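>>> The sequence and its predicted three-dimensional model are supplied below.
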Amino acid sequence: MKGDLFSSEYMVRPAVEAGMSVENAKCVRYVVNGEMYARQGAMIAFRGGLRFERKGQGVGGMLKRAVTGEGLPLMTVSGQGEAWFAHEAQNCFIVEVEPGDRFTVNGRNVLCFDATLSYEIRTVKGSGVAGGGLFNSVFSGHGRLGLACEGNPLVIPVSPENPVYVDTDAVVGWTAALETSLHRSQSFGSMLRGGSGEAVQLALRGEGVVVVRPSEATPQKVQQH
């Protein structure tokens with residue numbers, strides 16, 4: 001067999017280390033020796049002796065997901081082998097979470113992560129009911145977190161002097177030390193007249209960064225599990 005498809009650009013190379021790495025712009029490879037977690041339906045290929053099992057979130061997590069439509073449906077991947085993860089050809093990135101770090105991420109952007117990381121689903125402070133039930137996943141501990149993002153993300157610094165306001169449908173995540181609240185950029189009269197379509201944003205204040213994708217959320221496709 002010959003052709004561009006079989007060039008070194010696309011050929012998978014032998015793994016050089018265990019754990020998570022970026023295979024290419026649209027895919028993450030994970031060399032498993034034990035256990036890791038991934039978004040349900042995100043595995044596109046694997047080899048070796050791996051097992052895939054649905055991971056429960058507990059009653060609280062299930063309730064939040066049912067009420068808000070948000071959540072982090074996970075599967076446990078265990079054994080020895082390697083697997084590749086992707087989501088709708090979105091761009092993939094790896095975040096190194098170090099002890100003392102806390103990173104808040106929208107569940108729709110989580111692709112996979114090390115079992116050494118802890119996570120919990122929390123309400124975004126200040127979002128209230130008007131924020132569409134903003135429930136995000138807060139990661140802490142020590143390990144790698146794989147993210148998928150539609151397009152190239154913007155990483156915007158936030159400082160006490162320069163708060164940042166982001167569309168709630170476009171935000172990917174932020175460093176958890178930032179304070180959040182809802183910000184209304186239109187008057188009530190303007191909203192009644194139709195407004196600009198950008199009436200409410202998530203305001204972030206303090207010291208840190210916020211990650212935003214260059215598109216608003218679209219209705220999620222039905223996942224195949």
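Structure's in. What do you need? Residues are numbered from 1 along each chain as shown.

>>> Can you tell me, leaving aside adjacent residues, what's nearest to Glu53?
Nearest residue to Glu53, sequence neighbours excluded (CB to CB, 6 or more residues apart in numbering): Thr76, at 4.9 Å. From N, CA and C alone the C-beta is placed, and that goes for glycine too.

>>> for Cys112, same thing?
The shortest distance from Cys112 to any non-neighbouring residue, by CB to CB, 6+ apart, is to Ala38 (3.9 Å).

>>> For the one you found, pull up the helix or strand it's in.
strand 27-39 (DSSP states H and E).

>>> list the buried ones in that strand?
27-32, 36-39 (16 or more other CB atoms under 10 Å).

>>> Around Asn24, how many other residues sit close by?
Burial measure for Asn24: 14 neighbouring residues, criterion other CB atoms under 10 Å.

>>> Return the set of residues that bridge with it.
With DSSP bridges applied, Asn24 shows beta-bridge pairing to Cys27.

>>> which regions of this protein sit below the pLDDT cut-off?
Within the chain, the stretches with pLDDT under 70 are 56-72, 125-134, 185-199, 216-225.

>>> Mind doing that once more with 80?
1, 16, 55-72, 122-135, 183-200, 215-225 (pLDDT under 80).

>>> Going along the chain, name the helices of it.
58-68, 188-192 (DSSP state H).

>>> Quick one: distance of the strand holding Ala38 to the chain centre.
15 Å (CA atoms, centre = their mean, to the nearest Å).

>>> Which strands and helices lie in contact with it?
Where contact means 3 or more CB pairs under 8 Å, 6 or more residues apart in numbering; DSSP states H and E, strand 27-39 is packed against strand 19-24, strand 43-55, strand 74-85, strand 91-97, strand 110-114.

>>> Can you list the strands that the last one pairs with?
In its sheet, strand 110-114 lies beside strand 27-39 (antiparallel), strand 143-149 (antiparallel), with partners assigned from DSSP bridges.

>>> From the chain's centre, how far out is that strand? Work that out for me.
Distance of strand 110-114 from the chain centroid (CA atoms, centre = their mean) equals 8 Å.
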